[in-house]
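[1] Whatever this is, show me its structure:
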Amino acid sequence: MAGREKKEDNDIFFLCSLIEYIARKTKNHRNVVVNAIAKEKLQHIYDLADVYHSENIDKITDTLIKNHHIEDGFFDNIADSKYSVPTHWDIGKVYKRLIVEVSNNSQKPIIDVLVEVYNSWISRKIEDFNSSLYYESPSYIYQSYLKGDVL
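    Next up, the predicted model:
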């Protein structure tokens, strides 16, 4: 029996959540993690997400941090947050929805879009847990992304 989401959507959700988890652990902006892992390895993780998803996330994270030389940074949006902090799964879902929408409407490959989104202005807005952007509707976030600024 198929789940509620397409397998590909669930796979990108896992990858986005993993990126968020690594960024929190290393205190880096999300684009730093994406760029360190690089497109080829991101594609590999995406292609095997159902396998990786059954592994211990700390083990996967530690391996990726070590293999891609992701150094500790100074961006700690968790400590800086004045409000309730969303989980890495919550933020993974925000990114997943945006990336899938952009990919579907642009016909660009999903990993290309993932790299673009994480390296765009909106990533810094989503990772600011003192703002409310990550709580906005997926269509609002998508339209903001297209406009190039928060609506």
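[2] CA atoms for contacts and neighbours, from now on please.
    Fine.
[3] so what's the nearest residue to residue 108 once chain neighbours are set aside up against?
    With C-alpha to C-alpha, 6 or more residues apart in numbering as the criterion, residue 108 has its nearest non-adjacent residue at 8.0 Å, and that residue is residue 102. Counting by C-alpha atoms under 8 Å, 6 or more residues apart in numbering, residue 102 makes contact with 108, 113, 142.
[4] Weed out the non-buried ones from those residues.
    Buried members of those, counted by 16 or more other C-alpha atoms under 10 Å: 113, 142.
[5] which among the contacts of residue 102 gets closest to residue 77?
    The shortest gap between residue 77 and any of those belongs to residue 142, at 22.6 Å (C-alpha to C-alpha).
[6] does the closest one sit in a helix or strand, and which one?
    Residue 142 belongs to helix 138-147 when elements are defined using DSSP states H and E.
[7] Likewise for residue 36?
    Going by DSSP H and E, residue 36 is part of helix 30-47.
[8] just for this protein, where's the confidence low?
    Within the chain, the ranges that satisfy pLDDT under 70 run 1-3.
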